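Student: Structure for this input, please:
(one chain, ligands or ions: 2)
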Amino acid sequence: MSKKIRVLVNGARGRMGKEVVRAVLSDPALQLVGTVDPAGTEEDAAVIAGLPPCGILLTGDLATTLEATKPEVMVDFTVPQSVMENIHIALQHKVSPVVGTTGLSEKDLQEIKEWTARYETSCLIAPNFAIGALLMMRFACEASRFFPHVEIMEYHHDQKLDAPSGTAIKTAEAIQEERQKIKQGHPDEEEIIVGSRGGEYEGMRIHSIRLPGLVAHQEVLFGGLGQTLTIRHDSITRESFMPGVLAAVHRIRKTEGLVYGLDKLIF
Ligand SMILES: NC(=O)C1=CN([C@@H]2O[C@H](COP(=O)(O)OP(=O)(O)OC[C@H]3O[C@@H](n4cnc5c(N)ncnc54)[C@H](O)[C@@H]3O)[C@@H](O)[C@H]2O)C=CC1
Ligand SMILES: O=C(O)C1=N[C@H](C(=O)O)C[C@H](O)C1
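Tutor: Ligands and ions are numbered 1, 2, ... in the order given. Predicted coordinates for the structure are as follows:
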């Protein structure tokens with residue numbers, strides 16, 4: 001059997017981190033070597049994830065843990081405030097980040113690209129790891145060639161820190177490359193309550209809904225003459241992201257530079 005890929009999970013105490021710990025432990029080709037989360041150190045990562053102990057304890061400092069455990073890949077589901085520093089530290093240690101954390105700007109992506117070149121280490125930034133979400137984005141791009149009037153509605157749990165979601169931003173960016181440029185809505189429309197028409201990206205409106213009970217959902221709604229078309233994806237549980245995360249962990253070391261979007265790695 002070929003050598004196992006050594007994996008560190010950053011944010012291992014979070015909703016996604018626990019799911020990733022379970023997924024990595026269930027994949028015989030991967031070896032969980034480290035778990036980091038300042039919210040709860042010295043606890044067994046598998047126990048936190050609801051499994052029998054695996055002997056890997058949570059630690060609080062990424063750089064020290066990278067040096068001690070020597071992973072090849074760091075999976076990061078943390079918070080927008082720390083993700084840039086996490087990526088920089090991992091790349092400095094020649095560890096490939098597989099990043100699901102959202103809230104990164106275009107400027108951030110440019111900086112990460114420069115780091116990947118400087119440290120000669122690949123990095124994946126994937127706003128959404130669910131295969132269905134990738135297809136939703138792809139189908140939305142296709143539809144926007146025929147229906148340039150489009151609004152994006154994203155629905156998430158109310159603990160989410162960033163708005164709009166990384167997926168909505170990626171969808172709008174991808175649609176923008178395909179669709180005819182137009183100004184949507186009535187030229188004289190007025191917002192009586194500020195924000196009613198949502199955020200604007202290149203003439204497209206993005207609406208962010210936050211409610212308990214939701215996980216991660218998105219509708220791309222197109223309007224044309226006498227018809228509408230809705231393309232919708234629902235992540236009902238966070239397991240939906242795991243096949244994509246595992247595929248990325250398996251492939252990231254075989255690629256170079258910055259990869260933005262899981263579609264670039266698997267389609
Ligand atoms: N790309 C994708 O497919 C998906 C992306 N996400 C994104 O992943 C991120 C995490 O989401 P959740 O797990 O729901 O959040 P969460 O709040 O449940 O977990 C975040 C964890 O990161 C930890 N953390 C905070 N600062 C840290 C640091 N400096 N180093 C290490 N750990 C740190 C927190 O203590 C917490 O345990 C969010 O940005 C979210 O938008 C979530 C689901 C899917
Ligand atoms: O915070 C979440 O939960 C999610 N975040 C990602 C995003 O911002 O698009 C991916 C998914 O929608 C879940």
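Student: Which phi and psi values does the residue in the stretch 1-150 of the chain positioned nearest to ligand 2 adopt?
Tutor: Going by Cβ to the nearest ligand atom, ligand 2 is nearest to residue 102 of the stretch 1-150 of the chain, at 3.7 Å. Yep, even glycine has a C-beta here, placed from its N, CA and C like the rest. Residue 102 adopts backbone torsions of phi -100, psi -180, taken as degrees, to the nearest 10.
Student: cool, residue 33 as well?
Tutor: Dihedral angles (degrees, to the nearest 10) for residue 33: phi -110, psi -20.
Student: these two touch, right, residue 161 and residue 83?
Tutor: No: taking contacts as Cβ atoms under 8 Å, residue 161 lies outside contact range of residue 83: 11.0 Å.
Student: Touching both of those two, which residues are there?
Tutor: residue 103 (Cβ atoms under 8 Å, 6 or more residues apart in numbering).
Student: who's more crowded, the two?
Tutor: Between residue 161 and residue 83, residue 83 has the larger neighbour count (other Cβ atoms under 10 Å), namely 24 against 10.
Student: Identify the residues contacting the closest residue to residue 224 other than its chain neighbours.
Tutor: Counting by Cβ to Cβ, 6 or more residues apart in numbering, the nearest residue to residue 224 once its immediate chain neighbours are dropped is residue 147, at 4.9 Å. Shown in contact with residue 147 (Cβ under 8 Å, 6+ apart): 222, 223, 224, 229.
Student: cool, and residue 242?
Tutor: Here residue 242 is in contact with 19, 20, 22, 23, 129 (criterion: Cβ under 8 Å, 6+ apart).
Student: Try it again at 7 Å.
Tutor: 19, 23 (Cβ atoms under 7 Å, 6 or more residues apart in numbering).
Student: Repeat that for residue 59.
Tutor: Residue 59 neighbours (Cβ under 7 Å, 6+ apart): 34, 36, 41, 65.
Student: give me that answer again for 8 Å
Tutor: 34, 35, 36, 41, 65.
Student: top of those by neighbour count?
Tutor: In terms of neighbours by other Cβ under 10 Å, those top out with residue 35 at 32 neighbours.
Student: May I have the beta-bridge partners of that residue?
Tutor: Taking DSSP bridges as the rule, residue 35 bridges to residue 9, residue 58.
Student: And for whichever residue of the chain sits closest to ligand 1, the neighbour number?
Tutor: Nearest to ligand 1 in the chain, going by Cβ to the nearest ligand atom, is residue 14, at a distance of 2.0 Å. By the criterion of other Cβ under 10 Å, residue 14 has 19 neighbours.
Student: what's the spacing between it and residue 199?
Tutor: Computed with Cβ to Cβ, to the nearest Å, the distance linking residue 14 and residue 199 is 26 Å.
Student: repeat for residue 228
Tutor: Relative to residue 199, and taking Cβ to Cβ, residue 228 is found at 21 Å.
Student: Tell me how far the residue nearest to residue 118 when sequence neighbours are not counted lies from residue 28.
Tutor: The shortest distance from residue 118 to any non-neighbouring residue, by Cβ to Cβ, 6+ apart, is to residue 91 (7.8 Å). From residue 91 over to residue 28 the distance is 28 Å, taken as Cβ to Cβ.
Student: who's more crowded, the two?
Tutor: Neighbours per residue (other Cβ under 10 Å) separate residue 91 from residue 28, with residue 91 holding more: 22 against 8.
Student: what about the strand or helix carrying residue 169, average pLDDT?
Tutor: If you go by DSSP states H and E, residue 169 is part of helix 166-178. What helix 166-178 shows for mean pLDDT is 97.
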